[in-house]
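Enquirer: Pasting the sequence and the predicted coordinates here, then a few questions.
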Amino acid sequence: MDMNAILKAALEKGASDIHISAGSPPMLRISGELLPFGDKPLTFEETRSLVYSILTSDQAKKFENEYELDLSYGMPNGRFRVNVYMDSGGIAAALRAIPALIPTMEEIEMPEAAFRLARLPRGLVLVTGPTGSGKSTSLAAMLNLINLERNCHIITIEDPIEFIYQRRKAIINQRELTIHTKTFASALKYALREDPDVLLVGEMRDLETIAAALTLAETGHLIFSTLHTIDAAQTVDRIIDVFPPYQQQQIRAQLSMALEGVLSQQLLSKVGGGRVAAREVMLINPAIANLIREGKTHQIYSAIQTSTQAGMKTMEQAIKDLYDKGFISYDEGISKSSNPDELRRLIR
């Protein structure tokens with residue numbers, strides 16, 4: 001079995017993810033469901049051969065030393081984000097398909113508020129959600145809008161590089177962790193000397209990266225990043241909780257001034273096949289900035305609920321909209337809501 005043949009078939013079938021591990025056939029995630037590719041389980045040797053066929057010698061050495069490896073892999077008709085890891089059966093890999101073309105914001109039905117966030121001159125914009133919720137695609141669409149509209153300098157810091165941008169109006173420099181820079185925090189530290197207007201930070205993983213991103217947003221740069229959080233309130237809490245208690249009040253004040261918006265998204269199964277994104281939208285206004293500053297994040301949900309005219313929307317309101325349009329079933333909406341009682345009330 002050939003890895004490129006598996007990946008080619010996965011792209012043709014519209015798979016979002018491919019899983020390679022010993023003891024089962026290659027598995028393809030199609031419309032959110034894992035399905036086997038063939039019926040012959042892979043042996044340890046076959047799995048190792050498939051995975052090593054897409055690694056360079058340096059990547060293979062790094063994997064053998066660390067037992068974990070992130071990389072990107074390209075072939076003529078597609079690109080993949082790859083994680084290679086060890087498990088009880090030996091070597092395993094998870095590959096995420098990356099579209100060859102960056103979709104437009106219209107094509108992935110991003111809300112009008114997202115266009116406003118992409119066109120800001122400065123500030124911090126976060127796209128959050130669980131793994132596999134389309135965060136990278138949404139960010140790529142927003143960055144490409146800037147690329148098409150603004151004469152500016154964009155720097156991306158990614159792990160690994162996913163979408164490849166074609167230069168239009170903007171100068172774009174894409175940097176990959178371990179290849180072009182050691183850490184997100186280090187890349188951000190030196191970014192000030194690189195005259196950026198816009199920065200994409202693949203993930204705000206640690207205190208140093210978050211602190212650097214906040215400082216850059218405060219000093220006149222537009223910063224985009226991601227967090228694995230399910231809503232705006234949790235996003236604010238996650239950022240604050242990274243810091244020691246004696247620093248948290250200062251960070252609340254910083255965040256209330258630097259943060260411009262949070263888009264929290266998840267993918268739901270569509271009626272008839274495929275998936276569709278539901279997006280919660282929080283835009284910073286004086287009331288929400290004050291809630292962040294005073295540590296009253298539990299009140300953010302209510303503030304979003306009452307600010308729909310400003311373009312905000314709770315996740316339950318977003319799911320209801322998809323249900324009203326006939327895109328999703330009632331059961332799917334309820335199963336993906338973190339506040340099902342509120343969703344039931346909205347749908348009545």
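Expert: Good, I have the coordinates.
Enquirer: Apart from its neighbours in sequence, what residue is nearest residue 92?
Expert: Using C-beta to C-beta, 6 or more residues apart in numbering and skipping residues adjacent in sequence, the residue nearest residue 92 is residue 21, 3.9 Å away. C-beta: built from backbone N, CA, C; applies to glycine.
Enquirer: Now find how far off-centre stretch 57-66 is within its chain.
Expert: Centre-to-centre, stretch 57-66 and its host chain are 26 Å apart (C-alpha atoms, centre = their mean, to the nearest Å).
Enquirer: hang on, the earlier thing: for residue 94, see how far away the residue nearest to residue 92 is.
Expert: The gap separating residue 21 from residue 94 is 9 Å, by C-beta to C-beta, to the nearest Å.
Enquirer: follow-up on the earlier one: isn't the residue nearest to residue 92 right up against residue 87?
Expert: Yes - applying C-beta atoms under 8 Å, one finds residue 21 in contact with residue 87, separated by 6.6 Å.
Enquirer: Settle it for me: which of the two has more neighbours?
Expert: Shown here are residue 21 and residue 87; by other C-beta atoms under 10 Å, residue 21 has more neighbours (22 against 11).
Enquirer: The host helix or strand of residue 46 packs against which elements?
Expert: Here residue 46 sits within helix 44-52, counting by DSSP states H and E. Judged by 3 or more C-beta pairs under 8 Å, 6 or more residues apart in numbering; DSSP states H and E, the packing partners of helix 44-52 are helix 3-12, strand 17-21, strand 90-98.
Enquirer: quick one: average pLDDT of the shortest one?
Expert: In other words, strand 17-21. For strand 17-21, mean pLDDT rounds to 97.
Enquirer: can you tell me which residues contact the nearest residue to residue 308 once chain neighbours are set aside?
Expert: In space, and not counting its chain neighbours, residue 308 is closest to residue 317: 7.0 Å by C-beta to C-beta, 6+ apart. For residue 317, the contact set (C-beta atoms under 8 Å, 6 or more residues apart in numbering) comprises 305, 308, 346.
Enquirer: Narrow those residues to just the buried residues.
Expert: residue 346 (16 or more other C-beta atoms under 10 Å).
Enquirer: now, which of the contacts of residue 317 sits nearest residue 49?
Expert: Nearest to residue 49, judged by C-beta to C-beta, of those is residue 346 at 51.9 Å.
Enquirer: The closest one and residue 315, how far apart?
Expert: With the distance defined as C-beta to C-beta, residue 346 ends up 11 Å from residue 315.
Enquirer: Repeat that for residue 333.
Expert: 10 Å.
Enquirer: and residue 202, how many residues sit next to it?
Expert: 24.
Enquirer: I figured it hits residue 184, correct?
Expert: Yes - counting by C-beta under 8 Å, residue 202 does reach residue 184; the two are 6.9 Å apart.
Enquirer: Now residue 32. Nearest residue, chain neighbours left out?
Expert: Residue 32's closest residue in space is residue 269 (C-beta to C-beta, 6+ apart), at 5.2 Å.
Enquirer: Please disregard the earlier target; I meant residue 16.
Expert: Residue 16 sits nearest to residue 29 (C-beta to C-beta, 6+ apart), 5.2 Å away.
Enquirer: Now do the contacts for that neighbour.
Expert: Contacts of residue 29 by C-beta under 8 Å, 6+ apart are 15-19, 35.
Enquirer: what's the answer for residue 15, then?
Expert: Taking C-beta under 8 Å, 6+ apart, one finds 28-30, 97 in contact with residue 15.
Enquirer: can I get those residues in JSON lines with distance to residue 165, pLDDT and secondary structure?
Expert: Listed next are the contacts of residue 15 as JSON lines, based on distance: C-beta to C-beta, whole Å; pLDDT from 0 to 100; DSSP: H, G, I helix; E, B strand; the rest coil:
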{"residue": "28", "distance to residue 165": "28", "pLDDT": "97", "secondary structure": "strand"}
{"residue": "29", "distance to residue 165": "26", "pLDDT": "96", "secondary structure": "strand"}
{"residue": "30", "distance to residue 165": "28", "pLDDT": "93", "secondary structure": "strand"}
{"residue": "97", "distance to residue 165": "18", "pLDDT": "94", "secondary structure": "strand"}
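Enquirer: Most neighbours among the residues you listed, which one?
Expert: Of the contacts of residue 15, with other C-beta under 10 Å as the count, residue 28 tops at 22 neighbours.
Enquirer: Okay, buried residues for the host helix or strand of the residue nearest to residue 308 please.
Expert: Applying DSSP H and E as the criterion places residue 317 in helix 315-324. Buried residues in helix 315-324, counted by 16+ other C-beta under 10 Å: 315-323.
Enquirer: Quickly name whichever of these is closest to residue 138.
Expert: residue 318 (13.5 Å).
Enquirer: Done for today, thanks.
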